[in-house]
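In: Structure of the sequence below:
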Amino acid sequence: MRYVLFVCTQNAGRSQMAQALFERHGPPDVRAESAGRARRRGASGGRGGDARDRHRPQRPYVPSIVEDWDLADPADQPLEVVRRIRDEVELGVKDLAENRIEQIREDRRQHVMRMARLVPGRVEEFGDRLTDEEIRGIADEILETYDEAPVQSFVMTLANRRARAILKDRAGEAVGAS
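Out: Now for the predicted structure:
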């Protein structure tokens, strides 16, 4: 599972509209989320549902492609302005879903970031008994199983546990084979 994160200052209007519209227009294997820095009453503009009570602000860090759509803030705007902004958001979402979704599916930055966190500790622990390539191969294989998990999860804890268990077994085999 890949993720698209729509962020605006308040996680109120634009990001929630984009999330709701992506859920309508986007593919089922890519999940949409919205985030922002401060909660403010949202504006759905009449499409995609009223999500303002479901979402709380988040401060995310996502190692991925970043785009700035430079959209006006719908807060305190008349309904016709909010609808125009909503239509601009929908055009951006449709373009993303139709023309750039493969770029999102192929993005491996999250995996690379996790490898950079997992491998050094395992090399330090098992580097005297296994090669760096063996350790990287095991870490890579384990992290592949967690590619669908979001960045803010227990992935690294679980990956470290599994990597240590497998590397202990392999290191034991290497010692026994000597």
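
In: Residue ranges in this protein under the pLDDT threshold?
Out: Within the chain, the stretches falling below the threshold (pLDDT under 70) are 11-12, 37-63, 148-153, 174-178.

In: In it, where's the longest helix?
Out: helix 155-177 (DSSP state H).

In: For that one, name the packing helices and strands.
Out: Judged by 3 or more CB pairs under 8 Å, 6 or more residues apart in numbering; DSSP states H and E, helix 155-177 is in contact with helix 109-126, helix 132-144. To be clear about C-beta, it is placed using only N, CA and C from the backbone, and glycine gets the same treatment.

In: Which segments of this structure make up each domain?
Out: Domain assignment of the chain by automatic domain parsing yields the ranges 2-106, 109-177.

In: quick one: contacts for S15?
Out: Shown in contact with S15 (CB atoms under 8 Å, 6 or more residues apart in numbering): 6-8, 34-36.

In: any residues touching stretch 118-128, and which ones?
Out: 132, 135-136, 138-139, 142-143, 156, 159-160, 163-164, 167-168, 170-171.
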